[in-house]
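> Sequence first, then the predicted structure:
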Amino acid sequence: MNPEPFSLGPALLFCPADRPDRFAKALDRADAVVLDLEDGVGPEAKESARRAVVDTPLDPARTIVRVNAAGTREHDADLAALAGTAYRTLMLPKADGRFVGPLVRPDGTPYAVVALCETASGVVAASALAARPDVVALAWGADDLVASLGGTSSRRADGGYRDVARHARSAVLLAAGAGGKAAIDAVHLDLDDLDGLRAEALDAAAVGFVASMCVHPAQVPVIRAAYAPTPQDVAAAREVLAAATSARGVFALDGRMVDGPVLEQARAVLRRAGLTARHDDEEVRR
């Protein structure tokens, strides 16, 4: 049995797994929490972090556990610890073609896997990862990617991504879309740059990412606002879809040509707003 499609977001908040005092607060503030057993935890704290994850349970429907990379002893220890929990969604860092075989729970059902493409080999393998039945989403990371290339910085002096990071972001998004899987955008590490975060989240929502990862609670409302269509967006989408019911083929509306792709974009706006074209005005205002 394959995992259910990924439906969490739009704000996925990382929380170090060795800080159980923060677990509930992180989950309360975000749409989902990512308990981090990998980069967020030093080597000396890995075992205590695993115990914290086991001993401080959260809602498994809104919790992702980032385990250590496949093929490492820490990864095997993570899976052994999680066998005693109700968690069912894992984030696999540095995922690439060496990720073989499903990650399974003690009852034999596969974990839902968010494959984190954050190395050169991971970005190149994105399409193969998206084709796996246990992978429900692809995410990407800029800084690990540049480090895997021997580089020193994923961003230019103005804060924007360098071309190789932009390419990787697009490649992962396209692979996810082609595979029918969700795409998750990378973290914005400059905590004071909320304007930059807002711009990236707005772009992510516009091109089809379903969520963005974040590392601080202050980033959550910025991401949520960026992913939420405005009332004007919803009204315009409804107007387009309503006009299509009485039109034949391509038609013009307010001086704009409307065809199949425009209609699908309008449906996407309503999906993001948690609506369908059949909902009435009262539901739109909620």
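On my side now, so go ahead.
> Helices of the stretch 151-286 of the chain, residue ranges please.
Under the criterion DSSP state H, counting those that start in this stretch, the stretch 151-286 of the chain contains helices at 163-178, 194-207, 219-227, 231-244, 260-272, 281-284.
> got TSV for these, with distance to Val53 too?
Heads up, the C-betas are built off the backbone N, CA and C, glycines and all. Putting the helices of the stretch 151-286 of the chain into TSV (distance: least, C-beta to C-beta, whole Å) gives the following:
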stretch	distance to Val53
helix 163-178	27
helix 194-207	28
helix 219-227	21
helix 231-244	39
helix 260-272	31
helix 281-284	38
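> Of those, which is nearest Thr72?
Proximity to Thr72, assessed across those by C-beta to C-beta, is greatest for helix 163-178 (22.5 Å).
> Only the buried residues of the closest one, if you could.
Val164, Ala165, Ala168, Arg169, Ala171, Val172, Leu173, Leu174, Ala175, Ala176 (16 or more other C-beta atoms under 10 Å).
> what about stretch 51-62, how long is it end to end?
End-to-end distance for stretch 51-62: 19 Å, by C-alpha to C-alpha, to the nearest Å.
> Identify all contacting residues around that stretch.
Here stretch 51-62 makes contact (C-beta atoms under 8 Å, 6 or more residues apart in numbering) with 8, 17-20, 23-24, 27, 31-33, 35, 37, 65, 81-82, 84-89.
> Just the buried residues out of those residues, in PyMOL syntax.
Buried members of the contacts of stretch 51-62, identified by 16+ other C-beta under 10 Å, are gathered into one PyMOL selection as follows:
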select buried, resi 8+17+18+19+20+23+27+31+32+33+35+37+65+81+82+85+87+88+89
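> In strands, which of the contacts of stretch 51-62 appear?
Using DSSP state E, the subset of the contacts of stretch 51-62 located in strands is Ala32, Val33, Leu35, Val65, Thr89.
> hang on, the earlier thing: and the helices of the stretch 151-286 of the chain, which one's lowest on average pLDDT?
Out of those, helix 281-284 stands lowest, with a mean of 37 (criterion: mean pLDDT).
> ok now stretch 250-265, how far from the chain's centre?
Distance of stretch 250-265 from its chain centroid, counting by C-alpha atoms, centre = their mean, to the nearest Å, is 30 Å.
> buried sites along it?
Val258, Val262, Leu263.
> for those, which one is nearest Gln219?
Of all the buried residues of stretch 250-265, Gln219 sits closest to Val262, with 31.9 Å by C-beta to C-beta.
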